[in-house]
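*Asks:* no sequence on this one, just coordinates:
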């Protein structure tokens, strides 16, 4: 399921192809990744593959923000609460 070597890809190949085609037809997809960590890298790779822009919220993320990706370090609840308060201000 997470691109493991033992995963049988046949049944999901068509679905993945349809998803990829749908994403390519869209402009400006924003992916918000919350707490994915590095333990399951396919979650990260998926967001990076389909997202034109990305917000990554993670307590221990060491990656840097760049033109496509904003990295917000901290726990999800704290970061989302701070963002909500900033929007209200």
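*Replies:* Nice, thanks for sending it over. All figures in this text were calculated on a predicted structure; none of them were measured in a lab. Numbering: from 1, shown residues only.
*Asks:* what residues does stretch 62-69 touch?
*Replies:* Contact partners of stretch 62-69, identified using C-beta atoms under 8 Å, 6 or more residues apart in numbering, comprise 48, 51, 52, 53, 54, 55, 56, 71. For glycine as for every other residue, the C-beta is placed from the backbone atoms N, C-alpha and C.
*Asks:* can you rerun that using 7 Å?
*Replies:* Residues outside stretch 62-69 that contact it (C-beta atoms under 7 Å, 6 or more residues apart in numbering) are 53, 54, 56, 71.
*Asks:* Sticking with residue 83, tell me its helix or strand.
*Replies:* Taking DSSP states H and E as the definition, residue 83 sits inside helix 76-88.
*Asks:* List the buried residues in that helix.
*Replies:* residue 79 (16 or more other C-beta atoms under 10 Å).
*Asks:* tell me the average confidence for that helix?
*Replies:* In this model, helix 76-88 has a mean pLDDT of 93.
*Asks:* rewinding a little: let me know the closest of the contacts of stretch 62-69 to residue 44.
*Replies:* Checking the contacts of stretch 62-69 against residue 44 by C-beta to C-beta gives residue 56 as the nearest, at 7.9 Å.
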